[in-house]
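Asker: Fold the stuff below for me.
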Amino acid sequence: MIIDTHCHLDDSRYKEDLEEVLERAKDKGVERYIIPGADPQTLERAFEIAQKYENVYFAVGIHPYDAMHYDRSKLEPFVSHPKCVAIGECGLDYSRLPEDQKKREACKNLQKEVFADQILWAKALKKPLIVHIREASIDSLALLEQYAGAEGGVLHCYNADEQLLKLAERNFYFGIGGVLTFQNARKLIEVYPKIPKERLLIETDAPYLTPHPHRGERNEPAYTTFIAEKMSALSGLPREEIEAITTQNAYRLFGI
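Answerer: Numbers count the residues shown, from 1 in each chain. The predicted structure follows:
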């Protein structure tokens, strides 16, 4: 069995064929799904999907790209629902900052403020975090070490920064997705063996980051099998064992 711990099933690209997407995934052994909260505008849709399908869960949070729209009061009505299993995806992303230095610093400070608030919120609720980090490892690590609770979380779409591996000791897991199958994933392939197997999760980030051999197409949870196969090849473990390990890790982290 596979759990796709990060798939944006609330994305408009699944509006017409979500049922078929879930059927294809089921045929490949995918049994559970977690929809991360990234865009407040689609949160209601994520909630509706989780309500409709017994094996779909969701998280509540806001992506760093949308930090300027963060309003916790609009998110709070959803977090008490039993199928809300995490806070996020939240974090820091410095890849699209303005060129002007003052504006860059202002954007960074806003992202850090919003991220810190969501970390503290997760800690108060005793829920794990779903963390997005891009070109911001040092600041992200500092905030997580300062504020994160014992519930830990997952570094979504792990960016292969070796210094972040120390978070494994603070109950953080590492989401492995389609990037592992890319030809230019040399850095992740080098770091992957250093991740404790009891801290590995499988995710697609669907509809994004489609694994080889389907790059360029819309991603979907059925493609977790390609990720599991690559993890198996790199680990020297049977694919079935990779699936069992990551499934148990997901159960442990998210309590599902």
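
Asker: what's the burial count for residue 242?
Answerer: 24 (other C-beta atoms under 10 Å). For every residue, glycine as well, the C-beta is placed using N, CA and C.

Asker: wait, what's in contact with it?
Answerer: By C-beta atoms under 8 Å, 6 or more residues apart in numbering, residue 242 lies in contact with 200, 202, 228, 231, 232, 235.

Asker: gap between the fourth one and residue 241?
Answerer: To residue 241, residue 231 is 10 Å away according to C-beta to C-beta, to the nearest Å.

Asker: which of these two has more neighbours?
Answerer: Counted by other C-beta under 10 Å, residue 231 and residue 241 do not tie: residue 231 has more neighbours, with 24 against 15.

Asker: Setting aside sequence neighbours, what's the nearest residue to that one?
Answerer: Leaving aside its chain neighbours, residue 231 sits nearest to residue 242 (4.9 Å; criterion: C-beta to C-beta, 6 or more residues apart in numbering).

Asker: tell me what the lengthiest helix in the chain is packed against?
Answerer: The helix that spans the most residues within the chain, counting by DSSP state H, is helix 101-125. When contacts are defined as 3 or more C-beta pairs under 8 Å, 6 or more residues apart in numbering; DSSP states H and E, helix 101-125 packs onto helix 72-79, strand 84-93, strand 129-134, helix 137-147.

Asker: May I have the predicted confidence score for the residue lying closest to residue 68 once chain neighbours are set aside?
Answerer: In space, and not counting its chain neighbours, residue 68 is closest to residue 110: 6.6 Å by C-beta to C-beta, 6+ apart. Looking at residue 110, its pLDDT reads 98.

Asker: how far away is residue 110 from residue 135?
Answerer: Here residue 110 is placed at a distance of 16 Å from residue 135 (C-beta to C-beta).

Asker: returning to what we had before: now tabulate the helices and strands packed on helix 101-125 in TSV and tack on mean neighbour count and mean pLDDT.
Answerer: Conversion of the helices and strands packed on helix 101-125 to TSV gives the following (neighbours: other C-beta atoms under 10 Å; pLDDT from 0 to 100):
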stretch	mean neighbour count	mean pLDDT
helix 72-79	14	95
strand 84-93	26	98
strand 129-134	27	97
helix 137-147	17	98
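
Asker: With residue 33 as the reference, name the closest of those.
Answerer: Nearest to residue 33 among the helices and strands packed on helix 101-125 is strand 84-93; the distance by C-beta to C-beta comes to 10.9 Å.

Asker: Chain neighbours aside, what residue packs nearest to the residue most central in space within the chain?
Answerer: Central residue of the chain (C-alpha atoms, centre = their mean): residue 156, 3.5 Å from the mean position. Leaving aside its sequence neighbours, residue 156 sits nearest to residue 175 (C-beta to C-beta, 6+ apart; 4.7 Å).

Asker: just residue 162 next, same as before
Answerer: Once flanking residues are discounted, residue 162 sits nearest to residue 191: 5.6 Å by C-beta to C-beta, 6+ apart.

Asker: One more: residue 246?
Answerer: residue 202 (4.7 Å).

Asker: Also residue 86?
Answerer: What sits nearest to residue 86 in space, not counting adjacent residues and going by C-beta to C-beta, 6+ apart, is residue 59, at 3.9 Å.

Asker: Many thanks, have a good one.
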